[in-house]
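1. A predicted structure for the sequence below; I have some questions about it.
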Amino acid sequence: MLNEDVQGYLAVRRAMGFAMKWSGNLLRSFAAFSDAQGQSHIRSEVAIKWAGWAPSARTRARRLGLVIRLARYLRAEDQDHEVPPPAFGKEERPRRTPYIYSREEVQGLVQAAAEVERYNPEYRALTYRTFFGLLACTGMRLSEAINLRLEDITEDGLVIRNTKFGKSRLIPLHPTAQAALERYLPKRRLFAPSDDHVFVSLRKHKLLRHDAYVVFRKSIEKVGIQRHSGLPRPTIHALRHTFAVRALETCPDDRDRITQHMVALSTYLGHSDIKHTYWYLEATPELMRNIAESTQRYFVGGCQ
């Protein structure tokens, strides 16, 4: 019976856009374990025992967290299910502080990406300059940029299809980004006419993540951005972090407009939950200072 409950729960979650592949396998494992223990409902003791098999404390916490959420869902209709306590602590480790690039560093990276390639330098330079420039000015995930197809470029912007959470979205482009794509596309079409990906490698197929990482590391070294132990790391994904933070720094002070701004940014970035967008508010001292100043004005009556 519990296995049927798990299947129903997974169907609902997947309908909401969650893949639930890893989670689904674990929950089915838990249902089988409970069945072997003679339990048709969730029992805290059984759940803790099952989760306790994991080798690390974080994994034990994550496994138990899956059961806790399942139990809350099932308990809404069947009070015989028990909601286990978080016996292994928090599921997630604190997020790492992101590296935030300065405007000069972004410009240097884009230029360096056009200078580090030795093979077919003209085409490769144009490809990576456009590729990293697009990541920086749109906040797209690396996988989203790699999987872009020519048909995804529209007059209204870029269509990002079947993203991390199985949804599609439209990313409007600044005129400068649109112009950069228009400079790139004619040479791109001539170079690999049989492949419909926007960015292709010298093999005339979709750009590989490994190739992008290699060029990025070379560009980082050329620009001279240092990687220090214990400090935020300059990564490709940090371009997305930088876009989000700079967008928040332009957020208006009016509370109603702030809400609209956050919702728009969350949608633009393709976040599954707006809490992931609010997390960026603590990413830089400038944002934290703005929050503190706005809060102070509110409490002293300077902001209505």
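-> Structure's in. What do you need?
2. how many other residues sit next to A57?
-> Neighbour count for A57, taken as other C-beta atoms under 10 Å: 11. The way it works is simple: take the backbone N, C-alpha and C, and place the C-beta from them, glycine included.
3. ugh, wrong one, C137
-> 19.
4. relative to T250, how far out is the residue lying farthest from the centre of the chain?
-> Taking C-alpha atoms, centre = their mean, the residue of the chain most remote from its mean C-alpha position is G38, at 40.4 Å. Computed as C-beta to C-beta, to the nearest Å, the G38 to T250 distance reads 59 Å.
5. any idea which helix or strand carries W50?
-> Using DSSP states H and E, W50 sits within helix 44-51.
6. how about that helix as CSV, C-alpha atoms only?
-> Coordinates of each C-alpha in helix 44-51 appear next as CSV, following Å, rounded to 0.1, in the frame of the first residue of the first chain:
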residue,chain,number,x,y,z
SER,A,44,9.3,7.3,12.4
GLU,A,45,11.3,4.4,13.8
VAL,A,46,11.4,2.6,10.5
ALA,A,47,12.2,5.8,8.5
ILE,A,48,15.1,6.7,10.8
LYS,A,49,16.5,3.1,10.6
TRP,A,50,16.2,3.2,6.8
ALA,A,51,17.9,6.6,6.4
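7. now the helix or strand just after it against helix 44-51, angle please.
-> The C-terminal neighbour of helix 44-51 among helices and strands, as given by DSSP H and E, is helix 57-75. Angle, helix 57-75 to helix 44-51, by axes from the mean of the first three to the mean of the last three C-alpha atoms, to 10 degrees: 140 degrees.
8. for helix 57-75, the averaged confidence score.
-> Helix 57-75 carries an average pLDDT of 93.
9. so V116 sits against F216, correct?
-> No: the pair V116 / F216 is not scored as a contact, 9.5 Å apart, by C-beta atoms under 8 Å.
10. of these two, which one has the most company?
-> F216 (23 against 18).
11. buried sites along the host helix or strand of the more buried one?
-> For F216, the enclosing helix or strand under DSSP H and E is helix 209-223. Buried positions in helix 209-223, judged by neighbour count with 16 or more other C-beta atoms under 10 Å: 211-212, 215-216, 218-220, 223.
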